[in-house]
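Below is the sequence, then the predicted model.
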Amino acid sequence: MSDDDGSHPAVLVSDRQSIPVDVDGLTALAADTLRAEGSSDRVELSVSFVDEAEMAELHLRYMDEEGPTDVLSFPLDEVDDRGVRLIGDVIVAPSVAAKNNPADPTGELRLLLVHGILHVLGYDHQEDADRAEMWARQERYTGMRVP
């Protein structure tokens, strides 16, 4: 768990897999992305890093699709009893990220995290114009270009 000092945006992290990840760096990236998107006041995001088995189970349960995926986002947008806006959950599988981009698994992990956050915030990439906007934001926050 990170960012539990009451500051916001708060990013709560659960690392439930065995690949080493830079939890502090990814937590900072998540908080920076939220601030850049205007979600800084009394906002909380949950981020989980999971193994392929857990991701496959979640992918099947929530998307009705077989096998692991790289990132899942679950927008929530509720206010808790502390007055904090819970914006949702982002779940990332670092092992799938490494397979997606073996040359730069760390960069891919950063890209997937920001991608998931943008989905939680309401961005989508079904239409070309929406995709261009989302990809530009991902590149701005991560330095990673998406083809």
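Looks like it came in fine.

Low-confidence stretches in this structure?
Low-confidence segments of the chain, defined by pLDDT under 70: 1-7.

in it, which spans are strands?
Taking DSSP state E as the criterion, the chain contains strands spanning 10-16, 43-50, 71-79, 85-92.

nearest to Ala56, of these?
Taking C-beta to C-beta as the criterion, strand 43-50 is the member of those that comes nearest to Ala56, at 9.6 Å. The way it works is simple: take the backbone N, C-alpha and C, and place the C-beta from them, glycine included.

now for the closest one, which elements pack on it?
Based on contacts counted as 3 or more C-beta pairs under 8 Å, 6 or more residues apart in numbering; DSSP states H and E, the elements that strand 43-50 packs against are strand 10-16, helix 23-36, strand 85-92, helix 105-120.

Just name the most buried of the ones you listed.
helix 105-120 (a mean of 23; mean count of other C-beta atoms under 10 Å).

Off-centre distance for that helix?
Here helix 105-120 is found 5 Å from its chain centre; the criterion is C-alpha atoms, centre = their mean, to the nearest Å.

Check stretch 96-114 too.
12 Å.

now stretch 102-122
If you compare the mean C-alpha spot of stretch 102-122 with that of the full chain, they lie 6 Å apart, counting by C-alpha atoms, centre = their mean.

Also stretch 135-147?
Shown here is stretch 135-147, whose average C-alpha point lies 14 Å from the average C-alpha point of the whole chain (C-alpha atoms, centre = their mean).

What of stretch 78-91?
Its chain's C-alpha centre lies 15 Å from the corresponding centre of stretch 78-91 when counted by C-alpha atoms, centre = their mean.

what does that stretch contact?
8, 10, 30, 34, 39, 42-50, 55, 58, 71-77, 113, 116-117, 119-121 (C-beta atoms under 8 Å, 6 or more residues apart in numbering).

Then stretch 12-25?
Stretch 12-25 is contacted from outside by 1-4, 26-27, 44-51, 54, 93-95, 98, 106, 109, using C-beta under 8 Å, 6+ apart.

Please apply the same query to stretch 28-44.
Contact partners of stretch 28-44, identified using C-beta under 8 Å, 6+ apart, comprise 3, 8-12, 45, 47, 80, 83-87, 90, 110, 113-114, 117-118, 121, 137, 140-142.
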